[in-house]
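*Asks:* Structure for this input, please:
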Amino acid sequence: MVLFWYILRTHVAPFLFGTSVIMALFLLQYIMRWVDQLSSKGLDVATIAEFMILNLSWIVVLAIPIGVLFSTLMAFGAMSAAHEITVMKASGMGLFRMMTPVMIVGTLLWALSFWYTDKVLPDTNLQLSGMMRDITRTKPTFALESGQFTTHIEGFTILARNVDSMGVMTGVTIYDASNNDQKTVVSADTGRMAFSPSLTRLIVHLFHGEIHQSSVRDPNDYRVITFDRHQMAMQADRFFYEESDVSGSSRSDREMNITDMQVMVNRARSEETRATYEFDSVLSSHVAYLFTPKTVSTFVPTKREALDRATTTLIGVRSTLEGQAFRRNAEHEIANKYLVEIYKKYAIPFACVIFVLVGCPLGVLTKGGNFGISAMLSLGFYILYWVTLIGGEKLADRNILSPEIAMWAGNILIGVIGIVVAFKVNYETTPIKGLMLWARRRFQKQ
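*Replies:* Below you'll find the model as predicted:
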């Protein structure tokens, strides 16, 4: 028991470090895609922090298995380099027994990750998608620069030839194209602007200027109005971030739990079965009609009339069959789409167990108790796993592989590698050689 606790203690620091690094890398990569949106919309620190936390929600599910692999490589590699594995083997403790406490913790992480993926992640994904829509709809921060045209407000172009530090504009020209029947140009010596209390309108106060108005339909209708003080109100909503309510929003597949997705799968399969039945029914009834003996009729159509009637019948039957076939394929694709997400919720958390199985013996073999070797091996298995997972998802979407095989292929492949390597480290031979040796001994006894 003391050795078990010692083995687990050696995993804690590498696991926390590896998981944190992976999460930071994922988050940094994602934030780089959104840096323009986050920096130009005038979002406050709390909103940006919420955006990052919601992204960490899905990142942590991907980072935990990689953290498990990194920690097992580091811990068992360090123990192997310090000859602690040799001492444990000499005392009668095999590799599988050393792996027992790590496998138990890996199983617990699998259960915890699965619960989080199914119960918590769909709601956070829904909040994140709503927040992304709100950020995208938010207009860039409104700011005037000296000598620069501003077109942030729909229907208006504003030019201030000079803007001082107090926000006072000098030499202001405003082109108003909000009215399709009338063109308006407003010029003023000075002006100031501010948002209304509701933050939906921009109020511009202008001093000492002129208003030039011309009719689009009648070029002779032209007016010039001088003023000492003039006020303009412009529609300026969405300049500030507003969080929308996503509680009643429709959910995509990644925003549903397994129960909800299974309902969609059952509905799609039911519709697929119904479409198949109607396809077979139409086809069989038409074939039966063709081979059923016809009664003799006094009316004999001409060759042209018979040909037209047959053509019309064939076109109708073909249209019906094509429609049912398209409906059947569409429902099958919908079922596969949700099944892929269902099996993914099982497969990705289970990688915690698979990476324990492959990480422990590889750490012993490579004596990789340093950051470089462990990081390189972790990256290699990460690439292998995700290429298999993403490739399987594409093949499942194209109906080439079944969803369960597509999503579990990565776990199966790496699991087989782990079993082979673990067998070699524990018994100091490969499974094939071990099987041949066992068969030879069994044959000699006989």
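*Asks:* C-alpha from now on. contacts and neighbour counts both.
*Replies:* Fine.
*Asks:* Name the SS class of residue 211, please.
*Replies:* Assigned with DSSP: H, G, I helix; E, B strand; the rest coil, residue 211 falls in the strand class.
*Asks:* Just the mean pLDDT for the helix or strand hosting residue 343, thanks.
*Replies:* Take DSSP states H and E as the rule and residue 343 turns out to sit in helix 303-366. Averaging pLDDT along helix 303-366 yields 85.
*Asks:* Could you do stretch 394-413 as well?
*Replies:* 88.
*Asks:* now could you export just the CA positions of that stretch as PDB?
*Replies:* Presented in PDB, the C-alpha positions along stretch 394-413 are these (Å, rounded to 0.1, in the frame of the first residue of the first chain):
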ATOM      1  CA  LYS A 394     -15.300  12.000 -41.400                       C
ATOM      2  CA  LEU A 395     -15.700   8.400 -42.500                       C
ATOM      3  CA  ALA A 396     -18.700   8.000 -40.300                       C
ATOM      4  CA  ASP A 397     -20.300  11.200 -41.700                       C
ATOM      5  CA  ARG A 398     -19.800   9.700 -45.200                       C
ATOM      6  CA  ASN A 399     -21.400   6.500 -44.200                       C
ATOM      7  CA  ILE A 400     -18.100   4.500 -44.800                       C
ATOM      8  CA  LEU A 401     -17.600   3.400 -41.200                       C
ATOM      9  CA  SER A 402     -20.200   2.800 -38.500                       C
ATOM     10  CA  PRO A 403     -20.200   5.600 -35.800                       C
ATOM     11  CA  GLU A 404     -19.100   3.200 -33.000                       C
ATOM     12  CA  ILE A 405     -16.100   1.800 -34.900                       C
ATOM     13  CA  ALA A 406     -15.100   5.300 -36.100                       C
ATOM     14  CA  MET A 407     -15.100   6.800 -32.600                       C
ATOM     15  CA  TRP A 408     -13.500   3.900 -30.900                       C
ATOM     16  CA  ALA A 409     -10.800   3.200 -33.500                       C
ATOM     17  CA  GLY A 410      -8.300   5.400 -31.800                       C
ATOM     18  CA  ASN A 411      -8.800   3.800 -28.400                       C
ATOM     19  CA  ILE A 412      -8.600   0.300 -29.900                       C
ATOM     20  CA  LEU A 413      -5.400   1.100 -31.800                       C
END
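*Asks:* Give me the buried stretch members for it, please.
*Replies:* 394, 396-397, 401-412 (16 or more other Cα atoms under 10 Å).
*Asks:* So which of those belong to helices?
*Replies:* 394, 396-397, 403-412 (DSSP state H).
*Asks:* what are the phi and psi angles of the residue lying closest to residue 31 once chain neighbours are set aside?
*Replies:* The shortest distance from residue 31 to any non-neighbouring residue, by Cα to Cα, 6 or more residues apart in numbering, is to residue 52 (8.0 Å). Dihedral angles phi and psi of residue 52 (degrees, to the nearest 10) take the values phi -70, psi -40.
*Asks:* Just give the nearest non-adjacent residue to residue 101, would you?
*Replies:* residue 4 (6.0 Å).
*Asks:* do the same with residue 48
*Replies:* residue 38 is the one closest to residue 48 (Cα to Cα, 6+ apart), at 7.2 Å.
*Asks:* Would you agree the one you found is in contact with residue 50?
*Replies:* No: judged on Cα atoms under 8 Å, residue 38 makes no contact with residue 50 at a distance of 12.0 Å.
*Asks:* out of the two, which sits in the more crowded spot?
*Replies:* Ranked by neighbour count (other Cα atoms under 10 Å), residue 38 and residue 50 place residue 38 first, with 19 against 13.
*Asks:* For residue 231, see how far away residue 96 is.
*Replies:* 81 Å (Cα to Cα, to the nearest Å).
*Asks:* ok, these two, which is more surrounded?
*Replies:* With neighbours defined as other Cα under 10 Å, residue 96 and residue 231 compare such that residue 96 has more, 16 against 12.
*Asks:* before we move on, the earlier item: state the three-state secondary structure for the residue nearest to residue 48.
*Replies:* Assignment for residue 38 (three-state DSSP): helix.
*Asks:* Roughly how far does it sit from residue 258?
*Replies:* Distance from residue 38 to residue 258, by Cα to Cα: 33 Å.
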